[in-house]
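# Sequence first, predicted model second:
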Amino acid sequence: MRRTATFHLLHEAALLKETAGTLTPTLATATTTQRSAMVHDEALTELRRLQALPPSSHKWTWGEQLTEQEVLCLR
């Protein structure tokens, strides 16, 4: 269980680093309902894209890399 929690913590940190600064002005000024709909549409598009990939690419082997210092600062 502890390893899973640590992996989740690392995964969240990598996602936050990867998506830093991606909030568009449209999304920032939208209402909660509009924002929810935009996020839903984007997630559905991404899900379809990922489902179209071959099974060999389902592993998390790309994306933002965390530095050793970033990992040590997570605690």
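Sure, I can see it.

# any chance you could map the helices in this protein?
For the chain, the helices identified by DSSP state H occupy 2-18, 25-29, 32-51, 68-72, in order along the chain.

# so can I have CSV of these showing mean pLDDT?
Below are the helices of the chain laid out as CSV (pLDDT from 0 to 100):
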stretch, mean pLDDT
helix 2-18, 79
helix 25-29, 67
helix 32-51, 87
helix 68-72, 87
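
# now the spatially most central residue of the chain, nearest residue through space, not along the chain?
The residue at the geometric middle of the chain, judged as the C-alpha nearest the mean C-alpha position with Cα atoms, centre = their mean, is residue 15 (3.9 Å). The shortest distance from residue 15 to any non-neighbouring residue, by Cβ to Cβ, 6 or more residues apart in numbering, is to residue 64 (7.7 Å). Backbone N, C-alpha and C define where each C-beta goes, glycine included.

# give me the number of residues near the one you found?
Residue crowding around residue 64 was assessed by other Cβ atoms under 10 Å; the count is 13.

# what does residue 63 give?
When neighbours are defined as other Cβ under 10 Å, residue 63 has 11 of them.
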